[in-house]
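Trainee: sequence and predicted structure below; questions after.
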Amino acid sequence: MSIAGTLSSALSGLTVNARAAEIAASNIANATTEGYGRRELMTNARALAGVGQGAQVSSVYRHYDQALVNDRRLAEAGAGDRGAQADFLTRLEGALGTSDDPRSLSGQIAAFDTALIEAGSRPESEARLSRVADTARGIVSHLSATSREVQQARSAADDQIEAQVAQLNSALTRVAEMNGQIRTSLSAGRDASGLMDQRQQAIDSVARIIPIREVAQEGGQVVLFSAKGALLADGRAFSFGFTPVGVITPDMTLGSGALSGLTLNGKALTTSGPQSQIAGGSLAGQFAVRDELAPGAQVKLDALARDLIGRFAAPGLDATRQPGDAGLFTDAGAAFDGTSETGLAQRISLNAAADPRQGGALWRLRDGLGAASPGASGNAQLLIDLETALTAARDPVSGGFMAGARSYSALASDVASGVARARLTAEGEVSYAQARVDSLHKMELDAGVDTDRELQTLLMIEQAYAANARVVQTVDRMIQTLLEM
C-alpha cells in the first residue's frame with residue numbers, strides 16, 4: 001500500500017471512530033431518556049478503483065422493539081382508563097361519607113332518626129323539635145351537596161376531554177410532521193434517529209389517551225391506527241373534534257344532544273360500550289365518568305331523594321295535609337309528581353311550613369303541616385309516626401336497586417356500599433394495570449442502553465482511535481524523512 005493510501009485509511013479510521021465515540025456517548029447520556037432508541041454505528045470497507053481505502057460509516061441503526069413498546073403503550077392506556085374511573089369513585093365515596101363518619105349521609109340519617117325519637121319523648125320541647133328540623137335539613141343538604149359534586153365531576157371530565165382532544169390533535173400533527181422530516185433526512189443520507197426519538201415521544205403521548213397500533217412503512221414512515229382500526233395518521237394527521245359545554249346539569253346527556261360527542265375528521269365516533277372506538281385509554285375513562293358513572297350515581301341519589309319524599313308524603317301519615325299537598329320533604333317546595341325525578345336530589349327541601357328559616361313553625365312537626373294553630377303540646381303521635389315512616393321497610397320505586405323492602409337507612413347504606421365496592425374494584429384494576437406498566441417499562445429499559453457495554457465499547461474505540469493516530473504519526477515521520485533526503 002502506498003503512503004497516500006495508508007494515510008487515507010488511517011484518517012478514515014479516525015473519522016469512523018470519532019463518530020462511534022459520539023454514538024456511544026449519546027447512548028450513555030440518554031440511557032434513561034423516554035423514547036430514546038439505542039444507536040449502533042454500521043460500517044463497511046471503503047474502496048477506490050478496487051483498492052481498499054479504509055472504513056466508512058454506512059448507517060446508524062436505531063434499536064427498537066416494536067412489540068414490547070406496543071405492549072407498554074396498551075398497558076399505559078389501560079391504566080389511564082381505570083385511573084380516571086377510580087378517581088371519580090373515590091371522589092363520590094368521599095362525598096357520601098363512610099358509615100363511621102357522623103357527617104356522612106348515613107350519619108345524617110341516624111341523627112334524624114335519633115332526633116325524632118327524642119322529640120317523641122318530649123314533644124313539648126322546642127329544642128328537640130328544632131333538632132328534628134336541623135337533622136332533616138342535614139339530610140337534604142347532604143343529598144344536594146353530593147349531587148352537585150357528581151355534576152362537578154362531570155364538568156371536570158368534560159374539561160379533561162377537551163384538553164386531551166387538544167393534546168391528541170397536537171401530537172398527531174407532530175407525528176405527521178416527523179414522518180415528513182424523517183423521509184427527507186433518510187433520502188438525503190442523514191441520520192434520522194433523533195427525529196425518530198421525537199416521533200416516538202409524540203406517539204407515546206397519543207397512546208396514553210387512545211390505544212393505538214403503529215405500523216412501520218418504507219422510508220422510516222409509520223401509520224397510526226386506533227385499537228379498533230380507525231386511521232389516525234399517515235402522511236397527514238387526522239383531527240378529533242369536541243365541543244365542551246362548561247357547566248353540566250343532571251338533565252344533560254349525550255343522547256339528548258346537550259353534551260358533545262367525539263368526531264374524527266367530522267365523523268362521529270362511538271365513545272362507550274363494546275363498539276367504542278376509543279376504548280381503553282384515558283379519554284375513554286373521562287367519557288365513562290361523564291356519560292356513565294356520574295349519571296348512574298345521580299340516578300341513585302335521585303332515587304334516595306324520591307324514597308325520602310315518598311315516605312313522609314304517604315296518605316294517612318299526617319291528617320292535616322290536604323290531598324296532593326307536599327309532605328315533610330318537598331320537590332323545591334312543591335309536591336313531587338313522579339314525572340321529573342332527574343335532578344331531584346338537588347331540588348329536595350324541607351317543607352317551609354315546618355322550617356323556621358323559611359317562615360314556618362316548629363310546632364307543625366308535632367301537630368301537622370296543615371295545622372292552622374298549635375295543638376296539645378304533649379301529643380307525640382305524629383312524631384312517632386314520622387320515625388316509623390323513616391325506619392319502615394319499603395320497596396324503592398326507582399334507582400335500579402335489588403328487589404326487597406328496606407328502611408331508608410338501609411337503602412342509603414346500599415348506595416354507599418355499592419360505591420365502595422366499585423371503588424375497591426377499580427383501584428385493584430388500577431394497581432394491576434400500573435404494575436404491568438412498570439414491568440413492561442423495566443423490560444424496555446433493560447432492552448435499551450447497557451451502560452457497561454457502552455463503556456467497554458468506548459474503551460475499544462479509544463484503542464482503535466489511538467492505533468489510527470499512531471499510523472498517521474508514523475506516516476508523518478516517513479514523509480518528513482523523505483523530504484529530508
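Mentor: Yes, it's here.

Trainee: give me the neighbour count for T173.
Mentor: When neighbours are counted by other Cβ atoms under 10 Å, T173 registers 16. No exception for glycine: its C-beta is placed from N, CA and C like everyone else's.

Trainee: and what of L424?
Mentor: What L424 shows, counting by other Cβ under 10 Å, is a neighbour count of 13.

Trainee: can you pull the alpha-carbon coordinates of stretch 122-133 into CSV?
Mentor: Extracted as CSV, the C-alpha positions of stretch 122-133 are listed here (Å, rounded to 0.1, in the frame of the first residue of the first chain):
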residue,chain,number,x,y,z
ARG,A,122,-90.7,15.3,74.9
PRO,A,123,-93.0,16.7,72.2
GLU,A,124,-93.4,20.0,74.1
SER,A,125,-89.6,20.7,73.9
GLU,A,126,-88.9,23.3,71.2
ALA,A,127,-85.2,22.5,71.4
ARG,A,128,-86.0,18.9,70.4
LEU,A,129,-88.3,19.9,67.6
SER,A,130,-85.5,22.3,66.4
ARG,A,131,-83.1,19.3,66.4
VAL,A,132,-85.6,17.4,64.2
ALA,A,133,-85.6,20.3,61.7
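
Trainee: find the residue ranges of the protein scoring beneath the pLDDT cut-off.
Mentor: 1, 47-53, 59, 61 (pLDDT under 70).

Trainee: tell me where it has helices.
Mentor: 3-29, 66-96, 105-121, 126-187, 193-209, 282-288, 294-312, 344-347, 364-367, 381-391, 408-446, 451-484 (DSSP state H).

Trainee: CSV for the ones you listed, including distance to A237?
Mentor: Output for the helices of the chain, formatted as CSV (distance: least, Cβ to Cβ, whole Å):
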stretch, distance to A237
helix 3-29, 29
helix 66-96, 18
helix 105-121, 48
helix 126-187, 4
helix 193-209, 10
helix 282-288, 16
helix 294-312, 31
helix 344-347, 42
helix 364-367, 66
helix 381-391, 60
helix 408-446, 26
helix 451-484, 36
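
Trainee: how about the ones you listed, which one is nearest S260?
Mentor: With Cβ to Cβ as the criterion, S260 lies closest to helix 126-187 of these, at 8.0 Å.

Trainee: and the closest one with helix 105-121, angle?
Mentor: 170 degrees (axes from the mean of the first three to the mean of the last three Cα atoms, to 10 degrees).

Trainee: so helix 126-187 versus helix 66-96, what angle?
Mentor: Using the same axes, to 10 degrees: helix 126-187 against helix 66-96 is 160 degrees.

Trainee: distance between helix 126-187 and the chain's centre?
Mentor: 9 Å (Cα atoms, centre = their mean, to the nearest Å).

Trainee: so R128 touches A115, yeah?
Mentor: Yes: R128 sits in contact with A115 when judged by Cβ atoms under 8 Å, with a separation of 7.1 Å.

Trainee: ok, A111 touching T135?
Mentor: Yes: the pair A111 / T135 is scored as a contact, 4.5 Å apart, by Cβ under 8 Å.

Trainee: centroid-nearest residue for this protein?
Mentor: A84 (2.9 Å; Cα atoms, centre = their mean).

Trainee: residues contacting the nearest residue to that one once chain neighbours are set aside?
Mentor: Once flanking residues are discounted, A84 sits nearest to G285: 2.9 Å by Cβ to Cβ, 6 or more residues apart in numbering. Counting by Cβ atoms under 8 Å, 6 or more residues apart in numbering, G285 makes contact with 80-85.

Trainee: please apply the same query to A20.
Mentor: Per Cβ under 8 Å, 6+ apart, neighbours of A20: 41, 457, 461.

Trainee: let me know the closest of those residues to N179.
Mentor: L41 (24.7 Å).

Trainee: close enough to count as contact, the closest one and I23?
Mentor: Yes: under the criterion of Cβ under 8 Å, L41 is in contact with I23, at a separation of 5.0 Å.

Trainee: any common contacting residues for these two?
Mentor: Common neighbours of L41 and I23 (Cβ under 8 Å, 6+ apart) are V60.

Trainee: follow-up on the earlier one: right, so of the helices of the chain, which gets closest to V223?
Mentor: That would be helix 126-187 among the helices of the chain, by Cβ to Cβ, at 8.8 Å.

Trainee: ok, the nearest residue to S147 once chain neighbours are set aside to S407 distance?
Mentor: Leaving aside its chain neighbours, S147 sits nearest to A345 (3.9 Å; criterion: Cβ to Cβ, 6+ apart). Look at A345 and S407: by Cβ to Cβ, to the nearest Å, they are 19 Å apart.

Trainee: which one of the two has more residues nearby?
Mentor: For A345 and S407, the more surrounded residue by other Cβ under 10 Å is A345, and the numbers stand at 28 against 17.

Trainee: do I have it right that that one meets A305?
Mentor: Yes: under the criterion of Cβ under 8 Å, A345 makes contact with A305 at 4.4 Å.

Trainee: overlap in contacts, those two.
Mentor: In contact with both A345 and A305: L143, using Cβ under 8 Å, 6+ apart.

Trainee: domain map for the protein?
Mentor: 3-63+448-484, 69-437 (automatic domain parsing).

Trainee: out of these, deepest packed?
Mentor: domain 69-437 (a mean of 18; mean count of other Cβ atoms under 10 Å).

Trainee: for it, measure first residue to last.
Mentor: 11 Å (Cα to Cα, to the nearest Å).

Trainee: now do it: distance to the chain's middle.
Mentor: Using Cα atoms, centre = their mean, the offset of domain 69-437 from its chain centre is 14 Å.

Trainee: gap between the residue lying closest to L386 once chain neighbours are set aside and A110?
Mentor: Among residues not flanking L386 along the chain, L116 sits closest, at 5.5 Å (Cβ to Cβ, 6+ apart). Note on L116: its distance to A110, by Cβ to Cβ, is 11 Å.

Trainee: if we can go back for a sec, just list the residues touching the residue nearest to the centre of the chain, thanks.
Mentor: 157, 160, 282, 285-286, 288-289.

Trainee: and of these, the nearest to I182?
Mentor: Nearest to I182 among the contacts of A84, with distances taken as Cβ to Cβ, is S282, at 27.4 Å.

Trainee: so what's that closest one up against?
Mentor: Listed by Cβ under 8 Å, 6+ apart, the contact partners of S282 are 77, 80-81, 83-84, 164, 208-209.

Trainee: repeat for I182
Mentor: I182 neighbours (Cβ under 8 Å, 6+ apart): 192, 195-196, 199, 219-221.
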